[in-house]
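Participant: Sequence first, then the predicted structure, then my questions.
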Amino acid sequence: MVIDVACVKKDLRASDVNKNFTLAAMQNLPRPLFRQLGILARSNLRLFSNTPYRSQAITSENQVPTPKKPVGGFRGGIIGFLLGFTVASGAGYIYLLDEYHAASNLLLGSVEELQQSTNKVRDYAKKIEKIEEDLKLLQSYAASEDQLLELRNEGKKIYDSLNIQHLELKAHVWSIEQDLQKFLAER
């Protein structure tokens, strides 16, 4: 099917589109022809539906352009501020989270070191208690200074008494020798 574009353009002016040209007729035209004719931009027909647009048909002659809302500096500034604040807050949160993890790891390391040193101190305290028990046992067996002085004095008394007995024995032996010499001399 060959369609003359010039004839179709002449027959399909914007004013005629809504009056004489039906949707069924437009759907029979090939899609590239629509683009060449520029009908889609000027027509108010919806190609994805079987019914025409409900509102009043607006032709290209009486079409009023709708004013676009300008994106002002204030609205753009607020959006930029909120976007920047969100990004900065996220980065700050991640940084604080990393710092928190680092600090908690340091704290856990310190707690573990403190526990190890506490265990060492506990072991030293047990050793000291055992040594104190041994010392008390030895002290119970050992003599005090008073006991040593008393034993020394008793030792001196015994030595003196032995010395006196020795001297007495010596004197007695001497007297026996004297008597024996007298007896032998008389004989």
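Facilitator: Yes, it's here. Given the structure is predicted, the values throughout are model-derived calculations rather than measurements.
Participant: Relative to Pro67, how far out is Arg75?
Facilitator: In this view, Arg75 and Pro67 are 16 Å apart by Cβ to Cβ, to the nearest Å. (C-beta placed from N, C-alpha, C; glycine too.)
Participant: between the two, which one's more packed in?
Facilitator: Between Arg75 and Pro67, Arg75 has the larger neighbour count (other Cβ atoms under 10 Å), namely 11 against 6.
Participant: Now name the helix or strand holding that one.
Facilitator: Using DSSP states H and E, Arg75 falls within helix 73-141.
Participant: what element comes up after that helix heading to the C-terminus?
Facilitator: Taking DSSP H and E, what comes next after helix 73-141 is helix 145-186.
Participant: What helices and strands are in contact with that following helix?
Facilitator: The criterion is 3 or more Cβ pairs under 8 Å, 6 or more residues apart in numbering; DSSP states H and E, and there are no helices or strands that helix 145-186 contacts.
Participant: and Leu167, how many neighbours does it have?
Facilitator: 10.
Participant: which residues touch it?
Facilitator: By Cβ atoms under 8 Å, 6 or more residues apart in numbering, the contact list for Leu167 is empty.
Participant: Do you know the pLDDT at it?
Facilitator: With respect to pLDDT, Leu167 scores 93.
Participant: And the one 5 residues further on, by the same measure?
Facilitator: At His172 the predicted local distance difference test score is 93.
Participant: from now on call the first residue 43
Facilitator: Renumbered: residue one is now 43, and that last one reads His214.
Participant: Distance of it relative to Gln207?
Facilitator: 10 Å.
Participant: give me the number of residues near Glu155?
Facilitator: Using other Cβ under 10 Å, Glu155 has 10 neighbouring residues.
Participant: quick revisit: could you give the average pLDDT over the helix holding Arg117?
Facilitator: Taken as a whole, helix 115-183 carries a mean pLDDT of 94.
Participant: contacting residues around stretch 190-199?
Facilitator: Stretch 190-199 has contacts (Cβ under 8 Å, 6+ apart) with Ala185.
Participant: Quote the end-to-end distance of stretch 180-189.
Facilitator: End-to-end span of stretch 180-189 (Cα to Cα, to the nearest Å): 15 Å.
Participant: Quick check: buried residues in it?
Facilitator: By neighbour count on 16 or more other Cβ atoms under 10 Å, the buried set for stretch 180-189 is empty.
Participant: Quick one: residues in contact with that stretch.
Facilitator: With contact meaning Cβ under 8 Å, 6+ apart, stretch 180-189 is reached by Leu193.
Participant: From Ala145, how far off is Gly151?
Facilitator: In this structure, Gly151 and Ala145 are 11 Å apart, going by Cβ to Cβ.
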